[in-house]
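K.L.:
Need a 3D model of the sequence below.
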Amino acid sequence: MEYHTLVNDSYSGLRFRIHAGNTDFSVRLGKEKLTRETTEINILLDGIPMRLSKDQVGTWHIDGTELDPNFARALWNCITLRYRL
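P.N.:
From the prediction side, this is the model:
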């Protein structure tokens, strides 16, 4: 049963951590292809499904939350470093 759950998981296995505001966050990315032109990414932020989006101005934010836009930008920076975008 555990194997079945891992096979049907819609998030990639690569996890990384980000530290902001004296709190550590665990992040997993959706399985969609990432490029420099990507404007939306499905993520699991501490196990909660969320969407990281870039608006027309180029500001990153996490949909449906009041998290600091600097946190969303730091998250995008971690992704670009990890995937060499």
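K.L.:
So which residues of this protein form strands?
P.N.:
11-20, 23-30, 40-45, 48-54, 60-62 (DSSP state E).
K.L.:
Name every strand pairing with the last one and say which way it goes.
P.N.:
If you go by DSSP bridges, strand 60-62 pairs up with strand 48-54 (antiparallel).
K.L.:
okay, and for this protein, where does confidence drop off?
P.N.:
For the chain, the stretches with pLDDT under 70 are 1-9, 12-13.
K.L.:
remind me, longest helix of the chain?
P.N.:
Criterion DSSP state H: the longest helix present in the chain is helix 69-83.
K.L.:
ok so, going back, nearest to residue 71 among the strands of the chain would be which one?
P.N.:
Closest to residue 71 of those is strand 11-20 (CB to CB; 5.0 Å). Every C-beta, even on glycine, is put in place using the N, C-alpha and C of the backbone.
K.L.:
Mind giving me the packing neighbours of that closest one?
P.N.:
Helices and strands touching strand 11-20, as assessed by 3 or more CB pairs under 8 Å, 6 or more residues apart in numbering; DSSP states H and E, comprise strand 23-30, strand 40-45, helix 69-83.
K.L.:
redo that, cut-off 7 Å
P.N.:
In terms of contacts (3 or more CB pairs under 7 Å, 6 or more residues apart in numbering; DSSP states H and E), strand 11-20 is packed against strand 23-30, helix 69-83.
K.L.:
partners of it in the sheet?
P.N.:
Applying DSSP bridges, one finds strand 11-20 paired with strand 23-30 (antiparallel).
K.L.:
Report the distance from the partner strand to the chain centre.
P.N.:
7 Å (CA atoms, centre = their mean, to the nearest Å).
K.L.:
For that strand, buried residues please.
P.N.:
If you call a residue buried by 16 or more other CB atoms under 10 Å, then strand 23-30 has these buried ones: 25, 27-30.
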